[in-house]
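Visitor: please find the sequence and the predicted model below.
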Number of protein chains: 2
Amino acid sequence: MVDNSAQGGGRIAVIGGGLIGISWSALFLAHGHEVVLYEPAETVRAAIPDKIALPMAQLGELEQDLPAPGRLRLAQSLEEAVDGATWIQENAPEKVPLKRELYAAVEANAPTGTTIASSTSSLVWSELSAEMTDPSRLITAHPFNPPHLMPLVELYGSDPERVQAAAAFFRGLGRHPVFLKREAVGHIANRLSSALWREAVNMVAEGIAEVEDIDSALVYGPGLRWSVVGSHLAYHLGGGPGGIGHYLSHLGPSQERRWQDLGNPKLDEATQEKLVAGIAAESRGRGIAELEAARDAGLIAAQQALRGRRP
Amino acid sequence: MVDNSAQGGGRIAVIGGGLIGISWSALFLAHGHEVVLYEPAETVRAAIPDKIALPMAQLGELEQDLPAPGRLRLAQSLEEAVDGATWIQENAPEKVPLKRELYAAVEANAPTGTTIASSTSSLVWSELSAEMTDPSRLITAHPFNPPHLMPLVELYGSDPERVQAAAAFFRGLGRHPVFLKREAVGHIANRLSSALWREAVNMVAEGIAEVEDIDSALVYGPGLRWSVVGSHLAYHLGGGPGGIGHYLSHLGPSQERRWQDLGNPKLDEATQEKLVAGIAAESRGRGIAELEAARDAGLIAAQQALRGRRP
């Protein structure tokens, strides 16, 4: 198997030049890898050199000791992109037949040992790999948006050695890989996000609080705490000297009752209107780009502060 | 109504000298208020001067421009504690009859206008205030653990003017108050925490991932992002240029399907064992105190970094 763990020096094929593909490309380039990006849509492809400037600049701000950046090349075909690739990161639209077709072309044109990593957020490995000659070459490697600023990568594949090599590769990019023991729709992080948002939507629908107050409660409460310790560990520390064992035996039943009290909202027209109005109030006239820039600045500051400072 | 918004100079009665009472006391003292703490249990009371040293030191580290600290006095009776108080923060055990009895004693002995703020996490305002002469004097003011390090305070009461004055008081302590439009068990933050943990427990029960990987996925993914932007705003920014409106109309149905796929676990013996074993693995031999110290250091660093840097 190709050793992907070294810092820089790789020749990475990125398939798809949308938001995720550009963000991954910036990360790979910033860590000294050569990137050959294939994006089939002419107009999307033409915009890539402009669009990649911001994430590259943000990575320069976030990381202090980056090597000289790698070179970005835009390929005219998938075959050209994957030829000689040491890593393939696939970020095509979330359509099973389309991705299966891509993998067939990759298997026909890329070096035999090279891992194909799919950034898929909503599809699962077994579905994607079903028609491959060697399904063990595929892994799912799901980043969290925006990928160049978020350390998380969620890994799943059928070959444990390949998954471990992928983890080493991503650690070399400053990522924090986690492992699924079996595939699940939404992997781990989006299942957690979705579960939390369901109750956040429920509280809007039920008139318990305004959108902005719910967001603030999260940001200045559990969100802040979860940037440092996870949910399981937080309940362990909330259990007093007896930890999670004490918590479960004393407060387990009340937690189960609390779960029954949570809502199961519908995203019907009335609730959608409340959400849109609430976001408008919270945005206070700021557009998406301005909010994104503020988010990114916060993410960079939080990560610099938290590096090496988590339990 | 007494003006509680000025920095320092207040005379605050803290009822209950457990974890929450001590943490609140440290915050009040660090901001220059005088604190009179009433804790009925002799041995608990005797340990307070020792136990308050750590949160006081942490606040000194977190905040750069604190006034001279206030003076802490331990009261021998509830009457002594609330006599002349400009603010009353109640942190008694979560038992309705006990709290109602306390409020009756407070109404009989404290200055007429003084707000009684309950730190209750699991009880609601209507239940607690039901037997008061003037229920409008009570508000729920729920902090997030550890209260001296977490900015969130969740407010609810029947008198909007008193709730606004409470918000000003807590802002003067560097807190970020949020408002419930109607009372709810678990207020906002614990409902969100509970909803997320349900799915975190489900993934352990279903064998999707290990406890530590679920915690890491949260800490390096959504948790980190939620320390900067809330859940609603994150979906707004995930919707592309069309924002939340685009997201809801295009991905609303798939989000509803995802909600149906989330689990509804039981905290049965098998699941409890998996959680305890998973926490033991994640702790790598570190005890509660060591993990708490690491958590607190991370919280301090994250907050210093994020101050003024959120959208």
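Guide: Yep, it's here. Residues are numbered from 1 along each chain as shown, chains lettered A, B, ... in the order given.

Visitor: C-alpha only now, for contacts and for neighbours.
Guide: Noted.

Visitor: didn't residue A:230 look like it was pressed against residue B:220?
Guide: No. Counting by CA atoms under 8 Å, residue A:230 does not reach residue B:220; the two are 9.3 Å apart.

Visitor: joint contacts of the two?
Guide: By CA atoms under 8 Å, 6 or more residues apart in numbering or on different chains, residue A:230 and residue B:220 have no common neighbours.

Visitor: distance check, residue A:284 against residue B:107.
Guide: Residue A:284 sits 42 Å away from residue B:107, taking CA to CA, to the nearest Å as the criterion.

Visitor: of those two, who's got more company?
Guide: Of the pair residue A:284 and residue B:107, residue B:107 is the one with more neighbours under other CA atoms under 10 Å in any protein chain shown, namely 18 against 8.

Visitor: next one: the host helix or strand of the more buried one to chain centre, how far?
Guide: Take DSSP states H and E as the rule and residue B:107 turns out to sit in helix B:96-109. Put simply, helix B:96-109 sits 22 Å off its chain's centre (CA atoms, centre = their mean, to the nearest Å).

Visitor: helix or strand next in line after that helix, which one?
Guide: strand B:116-118.

Visitor: paired strands for that following strand, with orientation please.
Guide: Here strand B:116-118 has these sheet partners by DSSP bridges: strand B:87-90 (parallel), strand B:138-143 (parallel).

Visitor: nearest to residue A:76, of those strands?
Guide: Among those, strand B:138-143 comes nearest to residue A:76, with 56.8 Å by CA to CA.

Visitor: out of the strands paired with strand B:116-118, deepest packed?
Guide: Of the strands paired with strand B:116-118, the one with the most neighbours on average (mean count of other CA atoms under 10 Å in any protein chain shown) is strand B:138-143, at a mean of 27.

Visitor: partner strands of whichever helix or strand comes after that one, with direction?
Guide: Proceeding C-terminally, strand B:138-143 gives way to strand B:152-157 as the next helix or strand, assigned by DSSP H and E. Taking DSSP bridges as the criterion, strand B:152-157 forms sheet pairs with strand B:138-143 (antiparallel), strand B:176-179 (parallel).

Visitor: what distance do you get for residue A:109 to residue A:134?
Guide: Taking CA to CA, one finds residue A:109 at 14 Å from residue A:134.

Visitor: okay, these two: which has more neighbours?
Guide: A count of neighbours by other CA under 10 Å puts residue A:109 above the other of residue A:109 and residue A:134, at 17 against 11.

Visitor: for residue A:81, see how far away the more buried one is.
Guide: For residue A:109, the distance to residue A:81 - CA to CA - is 9 Å.

Visitor: for the nearest residue to residue A:225 once chain neighbours are set aside, give me its contacts.
Guide: If the residues on either side of it in the chain are set aside, residue A:225 comes closest to residue B:299, at 6.8 Å by CA to CA, 6 or more residues apart in numbering or on different chains. Taking CA under 8 Å, 6+ apart as the criterion, residue B:299 is in contact with A:224-225, A:228, B:149-150.

Visitor: tell me the contacts of residue A:109?
Guide: Taking CA under 8 Å, 6+ apart, one finds A:79, A:82-83 in contact with residue A:109.

Visitor: any of those residues buried? List them.
Guide: Neighbour counting over the contacts of residue A:109 (16 or more other CA atoms under 10 Å in any protein chain shown) leaves A:82-83 as the buried ones.

Visitor: kindly reformat the contacts of residue A:109 as TSV containing distance to chain B and secondary structure.
Guide: Output for the contacts of residue A:109, formatted as TSV (distance: CA to the nearest CA, whole Å; DSSP: H, G, I helix; E, B strand; the rest coil):
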residue	distance to chain B	secondary structure
A:79	30	helix
A:82	29	helix
A:83	32	coil
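
Visitor: assign the residue nearest to residue A:225 to helix, strand or coil.
Guide: helix (DSSP: H, G, I helix; E, B strand; the rest coil).

Visitor: which pLDDT does the model give it?
Guide: pLDDT, residue B:299: 97.

Visitor: what's the spacing between it and residue B:61?
Guide: Distance from residue B:299 to residue B:61, by CA to CA: 11 Å.

Visitor: next: residue A:150.
Guide: 28 Å.

Visitor: I appreciate the help and will end here.
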